[in-house]
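K.L.:
I'd like to go over a predicted model; first the sequence, then the structure.
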Amino acid sequence: MFVADRSQPSLPHLWSRSAGMNVDPYSRTRSLDVYVIDLDNDIAGSYFLTAFHQTPPGNLTLNWIFKQPSEFPSGFADKVENGKAWAVVYMNSNITAHVNQIIESILYGYSYNSISYIPSSAVNIVYDEGRNPNTVNGFILPPIQMAIATASANYAAYIQALIDSYSNATFNSVMMAVSLSQIIWSPIGFTNVNLHPAFPYARSLATSLGYLFLWLIMTALVTVNIRITTPLIKKIKLIDIAIIRMLSGIFNSLIISLIYSLCVLWFGNFTDAIPFIRFWLFNWLAAYTFVSIIALFSLNLGVMAHIVLILFLILNFSTASTSLAIELQNTFYRIGYGLPLFHCLSGGRHLLFGSHTRLGVDVGTLIAYCAVCILLTIITSAIRVHKQQKLIAKNKREEIFKKKTTINKT
């Protein structure tokens, strides 16, 4: 009931295949860390832990890490917030005591009004959907929910066997058993605690295809900028052209990132000005990073720049964790950790959903790309102009030599 049908691959699975990944992501679920904690420390807790210890191999088993409550002094959610685990699953305390109360009410005909146990309160699943919606919904939650369902079924069998062994059934006990049948047959349920829902859909779209379109727009603007300023090379100094191109790139990325952020604001239902301003400034940095990279390739590779930029974009997009977490992909795709688009998506999700990321690392990586690309562009441009000047000087000397030779002959 909780697990994707392997005969009909899910959307994340098809996406990963279309991205060129040859590894089945369902075979790599053990790379996803999930903390499991038992606060009950009784019969229900025993069935709970056993179900996770005995999950079948394959996509129904994650990297279960069994922890003690004392290891979480600041709360269970912190491990998910700081990215130590994809989820934390814990059974609350006194679950066995509540169920024992139900058993006693059935055996001895106690009043139903004194029972307030709700099966869904037994287990909490704490997770961060905004970190990667497809990974969380397609690979994290189904195995957890299946393990809980197994624990509930096994515990229900124990309860029913215990009740059946009691032969002195009365009319009141039978009626109580009927009224509590839902709890008896499913004593362990769960409550989802989604720290950062990936909602609305416009925000999810902005952190995937949105940055792809931003790259394409900045590519067009850089191309136009280079074509406009190229004829000025013989008329003004190189440093002036570099300043014009740099200021133009800054202004273009400012305006485009503002338009892009306003579109996300309109469809993403922002209600607070501070997150929007941070989101806009981050997009400005992302856009100018794209400008710096595109300008470096375009100025130095000429016609080949278009092919190289397309290949670079494909590499970025396929390794940027747009659909699946990098942990579920081939080891090669971990190169995405060092590419700019991964950090754009990671930082964008954090600013839109509040999900886990190392925003300082994301911003620092983009700044580093900007600085390195600008420096390399200046150096390579200076070298290229120096070669051109030497060639011009050589041509002038040859012309002067030819003129002198002509004069001497006459």
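P.N.:
Right, received. Where do you want to start? Residues are numbered from 1 along each chain as shown.
K.L.:
right, and Ala44 touches Ile95 too?
P.N.:
Yes - counting by CB atoms under 8 Å, Ala44 does reach Ile95; the two are 4.3 Å apart. For glycine as for every other residue, the C-beta is placed from the backbone atoms N, C-alpha and C.
K.L.:
who touches both of these two?
P.N.:
Common contacts of Ala44 and Ile95 (CB atoms under 8 Å, 6 or more residues apart in numbering): Ala122, Ile188.
K.L.:
residues contacting Gly268?
P.N.:
Here Gly268 is in contact with Pro200, Ala202, Arg203, Ala206, Leu352 (CB under 8 Å, 6+ apart).
K.L.:
distance of it from Ile256?
P.N.:
17 Å (CB to CB, to the nearest Å).
K.L.:
Repeat that for Val126.
P.N.:
38 Å.
K.L.:
Correct me if wrong, but Thr191 is in a strand.
P.N.:
Yes - under DSSP: H, G, I helix; E, B strand; the rest coil, Thr191 sits within a strand.
K.L.:
Where do the domain boundaries of this structure fall?
P.N.:
The chain breaks down by automatic domain parsing into domains covering 11-194, 201-397.
K.L.:
any idea which of those scores lowest on pLDDT?
P.N.:
Least confident of these, judged by mean pLDDT, is domain 11-194 with a mean of 82.
K.L.:
Could you give the separation of it from the chain centroid?
P.N.:
Centroid separation between domain 11-194 and its chain, computed with CA atoms, centre = their mean, to the nearest Å, is 25 Å.
K.L.:
cool, and stretch 307-323?
P.N.:
Worked out by CA atoms, centre = their mean, stretch 307-323 lies 16 Å from the chain centre.
K.L.:
Please spell out which residues along that stretch are buried.
P.N.:
Using 16 or more other CB atoms under 10 Å as the test for burial, stretch 307-323 gives Leu309, Phe312, Leu313, Asn316, Phe317, Ser318, Thr319, Ala320, Ser321, Thr322, Ser323.
K.L.:
Tell me the secondary structure at the last one.
P.N.:
Remark: Ser323 carries the secondary structure label coil [criterion: three-state DSSP].
K.L.:
Give the other helices and strands that the longest helix belonging to the chain contacts.
P.N.:
Counting by DSSP state H, the longest helix found in the chain is helix 359-409. Packed against helix 359-409 by the contact rule (3 or more CB pairs under 8 Å, 6 or more residues apart in numbering; DSSP states H and E) you find helix 238-268, helix 273-301, helix 340-353.
K.L.:
For the stretch 51-200 of the chain, just list every one of the helices.
P.N.:
77-81, 95-108, 133-135, 141-164, 171-179, 181-185 (DSSP state H, counting those that start in this stretch).
K.L.:
a markdown table please, covering the contacts of Gly268 and showing distance to Ser298 and neighbour count.
P.N.:
Putting these into a markdown table (distance: CB to CB, whole Å; neighbours: other CB atoms under 10 Å) gives the following:
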| residue | distance to Ser298 | neighbour count |
| --- | --- | --- |
| Pro200 | 36 | 12 |
| Ala202 | 32 | 16 |
| Arg203 | 32 | 23 |
| Ala206 | 26 | 25 |
| Leu352 | 31 | 24 |
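K.L.:
Could you report the distance from the closest residue to Phe139 other than its chain neighbours to Leu60?
P.N.:
In space, and not counting its chain neighbours, Phe139 is closest to Thr29: 5.8 Å by CB to CB, 6 or more residues apart in numbering. Separation of Thr29 from Leu60 (CB to CB): 8 Å.
K.L.:
follow-up on the earlier one: now for the helices of the stretch 51-200 of the chain, which one comes closest to Ala287?
P.N.:
Comparing the helices of the stretch 51-200 of the chain against Ala287 with CB to CB, the closest turns out to be helix 133-135 (24.3 Å).
K.L.:
Nice, that's everything, thank you.
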